[in-house]
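K.L.:
from the sequence below, what's the structure:
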Amino acid sequence: MHWVLASIIATLGGASYVSFLKLAQGFYDPKTVISFIMFCAFMFYYITSNHKNIFSAFEWNAFIAGILFGLMTICFNEAINLSNNPGIPSSLVRSNVLVTYVISLFVFGLKFSWTKFITIMTIIAGCLITIIPNMKDFASSNNKWISMTILAGLLSSGNDVFSKLSLNKIPTDQYLVVQMLAAVLTTLGIQYVRTKTFTLQKLKKTKQKMESKIHILNKYPPLLMGVAVASVIIFRQFLGIAVKNSDNPSYPRALFNSQFFVSLLLSLLIQKNSSITKYQGVGSTVILGGVVAMALQK
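P.N.:
Predicted coordinates:
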């Protein structure tokens, strides 16, 4: 499968994951949601793969990529929870694609491409345009979210590079088993330190938020978790295929980071009080232009 098509499928899955994860965290403790989703994804990859022996399937680059992915999800969630406007860290962290691009030039010995660089910068610019109004009125008494956002971006770039190193050696299904196992161990370990539990914890009814426009999703929260799990399985699998089949892992990452555009449209359908601002519309158009330009390049 061509990396562009795989990236587009991963982007759709990623957008769905982000949207339904946000709704699910209105019913379940955010500190326990990530590890549960990771565990479910790992079990799916393990059961459906041809690599049942973890020890023989083990590969260090995939395992390191999984640790970095697990840490990245924790830091990203922390940044969103600490910031008084979650849209800001969400958009800023997407600039990690530039770091991935530069690192990959050295690690994989690739030539610098002005067309790819300009396209990546176009997508980043689109992400930043969407939060211009938020930046004007932004105020925060706790700036820890800044360090968490930067760390999440760096961890994401590290995950991309080590994933590519792994996928250059082993099949995608083997990589997914090892990588997700590492992510599960990482997130579960952090969850236990923070909550002293290994299981998914439901919020008290007084703290639950029914934020979906779709009544059945509010009535049966496990449906939200089910869609979030299915979405992460799809986006991790196809992002893995895209990274494996591309020269530079920053190329599929650039397309994948355009999921904001899809998430915006999806939120209009399923989330209460959602709307599209002028800046979000302009930014999404710029992002879409960058995606099309990237897809048309050889």
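K.L.:
residues in contact with the nearest residue to residue 243 once chain neighbours are set aside?
P.N.:
Excluding its sequence neighbours, the residue lying closest to residue 243 (Cβ to Cβ, 6 or more residues apart in numbering) is residue 249, at 4.8 Å. Heads up, the C-betas are built off the backbone N, CA and C, glycines and all. Going by Cβ atoms under 8 Å, 6 or more residues apart in numbering, residue 249 touches 100, 104, 160-161, 163-164, 243.
K.L.:
out of these, the closest to residue 58 would be?
P.N.:
residue 163 (15.4 Å; Cβ to Cβ).
K.L.:
tell me the pLDDT at that closest one?
P.N.:
What the model reports for residue 163 is a pLDDT of 94.
K.L.:
hmm, residue 242 and it touching each other?
P.N.:
No. Taking contacts as Cβ atoms under 8 Å, residue 163 lies outside contact range of residue 242: 10.2 Å.
K.L.:
ok, residue 274 - how many residues close by?
P.N.:
Close neighbours of residue 274, defined as other Cβ atoms under 10 Å, add up to 15.
K.L.:
can you tell me the SS state at it?
P.N.:
What DSSP: H, G, I helix; E, B strand; the rest coil gives for residue 274 is coil.
K.L.:
that one against residue 267, yeah?
P.N.:
Yes. Here residue 274 reaches residue 267: they are 4.2 Å apart, a contact under Cβ under 8 Å.
K.L.:
and the helix or strand residue 119 falls within, how far out from the chain middle?
P.N.:
Assessed by DSSP states H and E, residue 119 sits inside helix 114-129. Distance of helix 114-129 from its chain centroid, counting by Cα atoms, centre = their mean, to the nearest Å, is 18 Å.
K.L.:
and for stretch 32-47?
P.N.:
In terms of Cα atoms, centre = their mean, the centre of stretch 32-47 is found 15 Å from the chain centre.
K.L.:
cool, and stretch 155-162?
P.N.:
12 Å.
K.L.:
and the contacts of it?
P.N.:
So stretch 155-162 is contacted by 61-62, 64-65, 68-69, 71-72, 75, 93, 96-97, 99-100, 103-104, 107, 243, 249-250, 253 (Cβ under 8 Å, 6+ apart).
K.L.:
returning to that earlier point: report the buried residues of the helix holding residue 119.
P.N.:
Neighbour-count burial for helix 114-129 flags 116, 119-124, 126-129 (criterion: 16 or more other Cβ atoms under 10 Å).
K.L.:
residue 130 reaches residue 283, doesn't it?
P.N.:
Yes. With contacts counted by Cβ under 8 Å, residue 130 reaches residue 283, the gap being 3.5 Å.
K.L.:
list the residues that contact both of these two?
P.N.:
Listed as contacting both residue 130 and residue 283 by Cβ under 8 Å, 6+ apart are residue 260.
K.L.:
what is the burial count for residue 16?
P.N.:
22.
K.L.:
assign a three-state SS to it, would you?
P.N.:
helix.
K.L.:
OK, contacts around it?
P.N.:
With Cβ under 8 Å, 6+ apart, residue 16 has these contacts: 227-228, 231, 234-235, 262, 266.
K.L.:
so the nearest residue to residue 27 once chain neighbours are set aside versus residue 274, what's the distance?
P.N.:
Distances taken as Cβ to Cβ, 6+ apart put residue 221 closest to residue 27, at 3.9 Å, once the chain neighbours are dropped. Distance, residue 221 to residue 274, using Cβ to Cβ, to the nearest Å: 19 Å.
K.L.:
kindly report the same for residue 26.
P.N.:
In terms of Cβ to Cβ, residue 26 sits 14 Å off from residue 274.
K.L.:
likewise for residue 186?
P.N.:
Where residue 274 is concerned, residue 186 sits at a distance of 32 Å (Cβ to Cβ).
K.L.:
give me the buried positions along stretch 73-83.
P.N.:
For stretch 73-83, using 16+ other Cβ under 10 Å, the buried residues are 73-80, 82-83.
K.L.:
actually stretch 39-58, not the one I wrote
P.N.:
Quick answer for stretch 39-58 (16+ other Cβ under 10 Å): 39-42, 44-46, 49, 51, 57-58.
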